[in-house]
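Trainee: I'd like to go over a predicted model; first the sequence, then the structure.
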Amino acid sequence: MEKKLAGRVALVTGASAGIGRETALLFAREGARVVGADLDERGGRETAEMVVAEGGECAFVAADVSRDADCRAMVAEAERRFGRLDVLFNNAGIMDPADDDAVATDEAVWDRTMAVNAKGVFLGCKHGIPALRRAGGGSVVNTASFVAVVGAATPQLAYTASKGAVLALTRELAVVHAREGIRVNALCPGPLRTELLMRFLDTEEKKKRRLVHVPMGRFGEAKEMAQAALWLASDASSYVTGTTFLVDGGLTAAYVTPEG
C-alpha cells in the first residue's frame, strides 16, 4: 500500500512533545521527510532521533515561532535539506498556568500567549506559504482548539482568544490561497492527556470539571490528533479547506447549536 505522504516534505512546529512529536513520527512512517522545529532543543532532537531510529528522515531546527527570523530559518532549512516544502503543520503552542479570566490574567501572560499561539501561526504561514507555492501547492494545518468554539470551563482567556485568532487566520488564508492549490485547515483538539494540559489541569477537581463536558468521558491522546493531522495533510482531504476540524470526543456536538 502506498504511503500517504510518500515523496513529501513536512515541517512540524512544537515537535519536542505531545501532538508535534506524534505527528512527526506518523508523517515519517507515512513517507514524509520531516523537519521538526521547537524551542526545546533537547526534546526536539530526541524526536528527530526517534524518527531516524524507525528508519525515517528528520532534521531538527531550534526555533521560537514568535520570532520572524526563526520562522524564516526553519522554512529555509526544510528547502535546503530536502529541496521543497509540501506540508506545514503550525502546531507549536503554550498554555500558561497563570492564564485566567480578564481580571486575573496578567498582561505579560496575554502577550506571551498571543505571541506564540497566534503570531507564531502567522509567521509560519508568512514564510511557509511561499515555499508551498514553489512546490506547486500543499497543505497547511494550524492547531487551534475546541475552546475557540465553545469557551473553556476553566478560565484561560489568553489561550482561548489566541486559538480563536488561529481559526480566523485559517479561514482567511484558505480563501486567499485556494486557487493556488494550497489548502489551509484548523485542527481543533478536545481536551488531551498531554503534558501541556495536565500541567494546567493540576488538580483532580479541574480534570473532572473538564471531562464532565466530554460525551466520550475521557481525554484524547496525542496520537489521535496526529492521525487527524495526517488526514488533513494528505490527498485524502483534497477537497477540504478552511475547515474547523473538531476532534474532541463529541464535546462541541453536545453544546453547539446548528446556528453556532
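Mentor: Yes, it's here.
Trainee: looking at this structure, which helix or strand is least sure?
Mentor: helix 195-200 (a mean of 72; mean pLDDT, DSSP states H and E).
Trainee: Name the residues that touch it?
Mentor: 17-18, 93-95, 97, 99, 154, 156, 191, 206, 219 (C-beta atoms under 8 Å, 6 or more residues apart in numbering). All C-beta atoms are positioned from the backbone trio N, CA, C, and that covers glycine.
Trainee: At which residues are the helices of this structure located?
Mentor: Counting by DSSP state H, the chain has helices at residues 18-29, 41-53, 68-82, 107-114, 120-134, 147-150, 157-177, 195-200, 204-211, 222-233, 251-255.
Trainee: With respect to burial, which of the ones you listed scores highest?
Mentor: Of all the helices of the chain, helix 18-29 carries the top mean neighbour count, a mean of 26, counting by mean count of other C-beta atoms under 10 Å.
Trainee: which regions of this structure lie under the pLDDT threshold?
Mentor: 196, 256-260 (pLDDT under 70).
Trainee: For it, which residue occupies the most central location?
Mentor: Centroid-nearest residue in the chain: residue 91, 2.4 Å away (criterion: C-alpha atoms, centre = their mean).
Trainee: wait, doesn't that one sit right on residue 17?
Mentor: No: with contact defined as C-beta atoms under 8 Å, residue 91 does not reach residue 17; the gap is 10.7 Å.
Trainee: circling back to that earlier point, of the helices of the chain, which is nearest residue 11?
Mentor: Across these, residue 11 has its closest neighbour in helix 68-82 (5.0 Å, C-beta to C-beta).
Trainee: Report the angle between that closest one and helix 120-134.
Mentor: 30 degrees (axes from the mean of the first three to the mean of the last three C-alpha atoms, to 10 degrees).
Trainee: helices and strands around helix 68-82, which ones?
Mentor: In terms of contacts (3 or more C-beta pairs under 8 Å, 6 or more residues apart in numbering; DSSP states H and E), helix 68-82 is packed against strand 9-13, strand 33-38, strand 57-62, helix 120-134.
Trainee: Is it possible to get a markdown table of these that adds distance to residue 237?
Mentor: Converted to a markdown table, the helices and strands packed on helix 68-82 look like this (distance: least, C-beta to C-beta, whole Å):
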| stretch | distance to residue 237 |
| --- | --- |
| strand 9-13 | 14 |
| strand 33-38 | 19 |
| strand 57-62 | 23 |
| helix 120-134 | 15 |
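Trainee: So for residue 75, which of the ones you listed sits nearest?
Mentor: The closest of the helices and strands packed on helix 68-82 to residue 75 is helix 120-134. By C-beta to C-beta, the value is 4.4 Å.
Trainee: Okay, angle between the closest one and helix 107-114 too, please.
Mentor: With the same axes, to 10 degrees defining the directions, helix 120-134 sits at 20 degrees from helix 107-114.
Trainee: and helix 120-134, what does it pack onto?
Mentor: Other helices and strands packing on helix 120-134, by 3+ C-beta pairs under 8 Å, 6+ apart, are strand 9-13, helix 68-82, strand 87-90, strand 138-143, helix 157-177, strand 182-189.
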